[in-house]
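Engineer: Sequence and predicted structure are below.
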Amino acid sequence: MTDQQTFKLLPKILNGGIAGIVGVTCVFPLDLVKTRLQNQQIGPNGERMYNSMLDCFKKTYRAEGYFGMYRGSGVNILLITPEKAIKLTANDFFRHHFRNIESKLTVTREMAAGGMAGLCQIVVTTPMELLKIQLQDAGRVAAQHAASGNPGAPPKISATAITLKLLKEKGIVGLYKGTTATMLRDVSFSVCYFPLFAHLNSLGPRKKDGSGIELLSYLSLLVAW
């Protein structure tokens, strides 16, 4: 195997980390709205705090401002870098080592590599999402506290406070509540996603000098992401 074909770890980690940060920045407000819609409590007469996705966007922005749409993103940005780095690096690592004697990778082995990558990432994904969801929902809890007429300020929630409470009450296991569901989701997703992405990438038109893919391929890969 030539030097060009050898597995290089550092570029994979850097690429994964950068991709994770960009992805979180773009989609975090949508994720926050999803979390609040899922967690809202319905009153005895069917009353809701948020009537729709757009209504949730408007009320969150009005009550908490632009940066309120990124509540809890600090934890996500901090942990998404190692999470994406682990996921993308693990996939490339297993793809590199699952090749047969002819240096070819069957679809079955591609799926196995993707599944192993999804399994590796839950080490970071599970505690990250546990903290992120509670922080995202803090604004809804505060608004509900004010609407109920309870005296005093609503309880303040921070990633540090949540982490320390879980560690104190349940130990390190408390940070991995929901691991089984997270594993089933991430492994099944990665089994389908990584082979599909690799094949779309291979079908993209290359530049004539072979130095890289054309703009059209970049656009198709962006859609795939």
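Structural biologist: Received the coordinates, thanks.
Engineer: CA only for contacts and neighbour counts going forward, please
Structural biologist: Fine.
Engineer: And the residue nearest the centre of this structure?
Structural biologist: Closest residue to the average C-alpha location of the chain: residue 80 at 6.6 Å, with C-alpha atoms, centre = their mean.
Engineer: Excluding chain neighbours, what is closest to that residue?
Structural biologist: residue 20 (5.6 Å; C-alpha to C-alpha, 6 or more residues apart in numbering).
Engineer: Tell me the spacing between that neighbour and residue 141.
Structural biologist: Going from residue 20 to residue 141 by C-alpha to C-alpha, to the nearest Å gives 28 Å.
Engineer: got a pLDDT number for residue 27?
Structural biologist: pLDDT recorded at residue 27 is 89.
Engineer: Tell me which helix or strand it sits in.
Structural biologist: Element membership for residue 27, per DSSP states H and E: helix 9-39.
Engineer: Enumerate the positions of that helix that are buried.
Structural biologist: Across helix 9-39, burial judged by 16 or more other C-alpha atoms under 10 Å covers 12-14, 16-17, 19-21, 24, 28-29, 31-37.
Engineer: still on that earlier bit, in contact with the residue nearest to the centre of the chain: list those residues for me.
Structural biologist: Residues near residue 80 by C-alpha atoms under 8 Å, 6 or more residues apart in numbering: 17, 20-21, 24, 125, 128.
Engineer: I'd like the residues you listed laid out as CSV, including pLDDT.
Structural biologist: Formatted as CSV, the contacts of residue 80 follow (pLDDT from 0 to 100):
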residue, pLDDT
17, 76
20, 79
21, 84
24, 84
125, 90
128, 89
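Engineer: Can you add distance to residue 65 and give these back as a markdown table?
Structural biologist: Compiled in a markdown table, those are given as follows (distance: C-alpha to C-alpha, whole Å):
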| residue | distance to residue 65 |
| --- | --- |
| 17 | 28 |
| 20 | 24 |
| 21 | 22 |
| 24 | 19 |
| 125 | 28 |
| 128 | 24 |
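Engineer: For residue 99, state which of these is nearest.
Structural biologist: residue 17 (25.5 Å; C-alpha to C-alpha).
Engineer: pretty sure the closest one is touching residue 84, no?
Structural biologist: Yes - counting by C-alpha atoms under 8 Å, residue 17 does reach residue 84; the two are 5.8 Å apart.
Engineer: Quick check: residue 44 is in a helix.
Structural biologist: No - going by DSSP: H, G, I helix; E, B strand; the rest coil, the assignment for residue 44 is coil, not a helix.
Engineer: How about the backbone phi and psi for it?
Structural biologist: phi -60, psi -30 (degrees, to the nearest 10).
Engineer: how far away is it from residue 16?
Structural biologist: Going from residue 44 to residue 16 by C-alpha to C-alpha gives 46 Å.
Engineer: Repeat that for residue 98.
Structural biologist: Distance from residue 98 to residue 16, counting by C-alpha to C-alpha: 21 Å.
Engineer: Could you chop the chain up by domain?
Structural biologist: 23-71, 74-143+156-204+213-224 (the TED database).
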